[in-house]
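In: Give the three-dimensional model of this entry:
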Amino acid sequence: MAALSGDGGGPRGSGTRTSQTPTSQTRAAGARTSAALPSGTPVAVLGASGCVGRCVCDALLREGHQVVAVARRGGPATQDRAATPGAPATPVTPATPVTAFAALDVAAVPPAELARLFTRHGVRAVVNATGGWGTTEEEMRYSHITLVDRLLHALTLMDDPARLVHLGSIHEYGPVPEPLSIGEDRVPRPTTMYARTKLAGSQLVLDGARSGRVNGLVLRPVNVCGPRTTRASFLGAVVDRLRRADPTEPVTLRVADARRDFVDVRDLAEAVVLAVASSVTGQVVNIGRGEATAMRELVELLAAAAQRPPGTLRIEDGPVDSKGGGWTQADIRRAGELLGWKPRIPLAEAMRATWAAPAD
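Out: The predicted model follows:
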C-alpha cells in the first residue's frame with residue numbers, strides 16, 4: 001500500500017474574462033509598465049512540453065499569438081521547421097501547431113544564445129513554465145534558480161527586452177495555519193528545499209522588475225489539476241495507480257488528512273494569457289480557486305470519474321508529505337483586480353479531465 005502526498009503539479013463558477021486597466025497602485029508598485037501586447041505577438045513558452053506549458057501554448061494560440069515552444073526534450077508539432085537545427089518536432093499537443101520548437105536546456109545554454117533565439121523569432125513575451133520535482137538540492141537549484149538567472153540575463157541582452165511572466169508556486173509562502181487565506185502581502189517563510197528554491201527564483205524576477213532591468217511579473221499558482229497532470233504530483237500518482245489496477249480488484253489509498261487549493265491547468269493557462277497581455281510589472285499574483293478542498297474529496301471525485309465499481313476503493317488517512325503544508329487556500333482577489341481573471345472550471349469537471357487525459 002503506497003502512501004500518497006497531497007501536492008499538485010508546482011491549479012467553479014462561471015466567471016468570464018474581462019479586460020482591465022492596471023490601477024495606479026499597480027504602476028507604483030512595479031518597476032515599469034509597457035503597452036499591452038496585441039494578438040499575434042510572438043510569445044516564447046519555456047517548459048512547453050510539460051503539463052502547464054502545453055496548456056499555455058494552446059491558450060496563446062487560441063488568442064491568435066505566435067508561439068515559440070522551448071523544452072529540453074520532445075515538443076509540440078510545429079507549423080514550420082524547428083527553431084534549432086536537429087530539434088525534433090514530434091506530434092505532442094497543443095492541438096494547433098506552434099510556430100517553432102527549440103530543443104534546449106535554458107539553464108545550460110549561454111544567455112547570449114537564448115537572446116538570439118528570442119530576437120530571431122521576434123519574441124515580445126516569455127512565459128517561464130519550467131520547473132522540476134527534483135529530489136536533490138542541486139537539481140532544484142538548477143531548475144529554479146540557475147535557469148531563472150540565465151533567463152533574466154538573456155532578456156537584458158536583447159535590444160528590446162521581451163516581457164516575462166514567471167510561474168512560481170503557492171508553496172513559496174511556506175506553511176500557514178488553517179483557515180488563513182494566503183494573500184500576496186504575506187511574508188514568505190518556506191520550509192522545504194523545493195519551496196525555498198522556487199522562492200529564490202521568483203525573487204530574482206521581482207528584483208529585476210522592480211529595478212527596471214526587466215518587465216515582468218510572478219504568478220504563484222496553487223496545486224494544479226486537469227489534463228496531463230504530472231505523475232510526480234499527488235493526483236497524477238492516484239490516476240496512475242488506478243489506471244494500472246484491475247478495476248475489479250480492491251485498491252487501498254493512503255491519503256493525507258489535509259485541505260488544499262487546486263486550480264485546473266486550463267484556468268491557469270488563461271491567467272497566463274492575461275498576464276502576457278497586461279502591463280502589470282513587479283507584482284506577485286496568486287492563481288487558484290480560493291477554496292481549500294479535502295484531499296479525500298478529490299480522490300473520491302477521481303474515483304467517480306474512473307467509474308470504479310462500488311466497494312473497490314478504500315481510502316485511509318496517512319501522514320502529510322508535502323512540498324508546502326497541510327493547508328493552502330489562496331486569496332485570489334488581486335488576480336481579478338489586476339488581470340481580470342477568475343477560475344471558471346468546476347472541481348468535478350477538472351477531476352474528470354484529470355482522469356480522462358493522463359500524463360504521457
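
In: Which residue is the nearest non-sequential neighbour of residue 183?
Out: residue 331 (4.1 Å; CB to CB, 6 or more residues apart in numbering). All C-beta spots, glycine's among them, are computed from the backbone N, C-alpha and C.

In: Over to residue 243?
Out: In space, residue 243 is closest to residue 358, 6.5 Å off (CB to CB, 6+ apart).

In: Contacts only, for that neighbour.
Out: 228-229, 236, 239-240, 243 (CB atoms under 8 Å, 6 or more residues apart in numbering).

In: Make TSV out of these and add pLDDT and secondary structure.
Out: TSV is the format used below for these (pLDDT from 0 to 100; DSSP: H, G, I helix; E, B strand; the rest coil):
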residue	pLDDT	secondary structure
228	95	coil
229	95	coil
236	94	helix
239	96	helix
240	95	helix
243	95	helix
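
In: List only buried entries from those.
Out: Buried members of the contacts of residue 358, scored by 16 or more other CB atoms under 10 Å, are 228-229, 236, 239.

In: Let me know the closest of these to residue 269.
Out: residue 228 (11.8 Å; CB to CB).

In: For residue 175, see how far away that closest one is.
Out: 28 Å (CB to CB, to the nearest Å).

In: Just give me the neighbour total for the nearest residue to residue 261 once chain neighbours are set aside.
Out: With sequence-adjacent residues excluded and distances taken as CB to CB, 6+ apart, residue 261 is closest to residue 222, at 4.0 Å. Using other CB atoms under 10 Å, residue 222 has 29 neighbouring residues.

In: where are the low-confidence patches of the stretch 201-350 of the chain?
Out: Along the stretch 201-350 of the chain, segments meeting pLDDT under 70 span 319-324.

In: residue ranges for the strands of it, please.
Out: 216-221, 223-225, 251-256, 259-260, 262-264, 284-287, 293-294, 313-318 (DSSP state E, counting those that start in this stretch).

In: Each with direction, which strands does the second one pair with?
Out: Sheet pairing of strand 223-225 (DSSP bridges) gives strand 262-264 (parallel).

In: so which of the strands of the stretch 201-350 of the chain is the most packed in?
Out: Highest mean neighbour count among the strands of the stretch 201-350 of the chain (mean count of other CB atoms under 10 Å): strand 223-225, with a mean of 32.

In: how much space between the residue lying closest to residue 189 once chain neighbours are set aside and residue 180?
Out: Counting by CB to CB, 6+ apart, residue 174 is the residue found nearest to residue 189 once chain neighbours are left out, at 4.0 Å. Residue 174 sits 12 Å away from residue 180, going by CB to CB.

In: Pick out whichever of the two has more residues nearby.
Out: A side-by-side neighbour count of residue 174 and residue 180, using other CB under 10 Å, places residue 174 first with 19 against 14.

In: Now do the contacts for that one.
Out: 188-191, 195, 324-325.

In: how does it look with 10 Å?
Out: 182, 186-192, 195-196, 199, 324-325 (CB atoms under 10 Å, 6 or more residues apart in numbering).

In: Need the buried ones from those selected in PyMOL.
Out: Selection of buried members from these for PyMOL, criterion 16+ other CB under 10 Å:
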select buried, resi 182+186+188+190+192+195+196+199+324+325
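
In: right, and out of the contacts of residue 174, which lies closest to residue 123?
Out: residue 199 (26.5 Å).

In: how far off strand 216-221 does the helix or strand where that closest one lies point, in degrees?
Out: Take DSSP states H and E as the rule and residue 199 turns out to sit in helix 193-210. Interaxial angle, helix 193-210 versus strand 216-221 (axes from the mean of the first three to the mean of the last three CA atoms, to 10 degrees): 150 degrees.

In: What's the local residue count around residue 346?
Out: Using other CB under 10 Å: residue 346 sits among 14 other residues.

In: what does residue 134 give?
Out: With other CB under 10 Å as criterion, residue 134 counts 17.

In: any idea how far the residue lying closest to residue 51 once chain neighbours are set aside is from residue 265?
Out: For residue 51, ignoring the flanking residues on the chain, the nearest one in space by CB to CB, 6+ apart is residue 228 at 4.5 Å. When distances are taken as CB to CB, residue 228 and residue 265 turn out to be 8 Å apart.

In: likewise residue 69?
Out: According to CB to CB, residue 69 and residue 265 sit 16 Å apart.

In: thinking again about what came up before, of all the buried ones among the contacts of residue 358, which comes closest to residue 285?
Out: Out of the buried ones among the contacts of residue 358, the member with the shortest distance to residue 285 (by CB to CB) is residue 229, at 22.2 Å.

In: quick one: the closest one and residue 353 touch, right?
Out: Yes: between residue 229 and residue 353 there is a contact under CB atoms under 10 Å: 8.8 Å.

In: Can you classify residue 54 by secondary structure?
Out: helix (DSSP: H, G, I helix; E, B strand; the rest coil).

In: Tell me, how many residues neighbour the closest residue to residue 255 other than its chain neighbours?
Out: Nearest non-adjacent residue to residue 255, counting by CB to CB, 6+ apart: residue 295, 5.0 Å away. Residue 295 is surrounded by 28 other residues when neighbours are defined as other CB under 10 Å.
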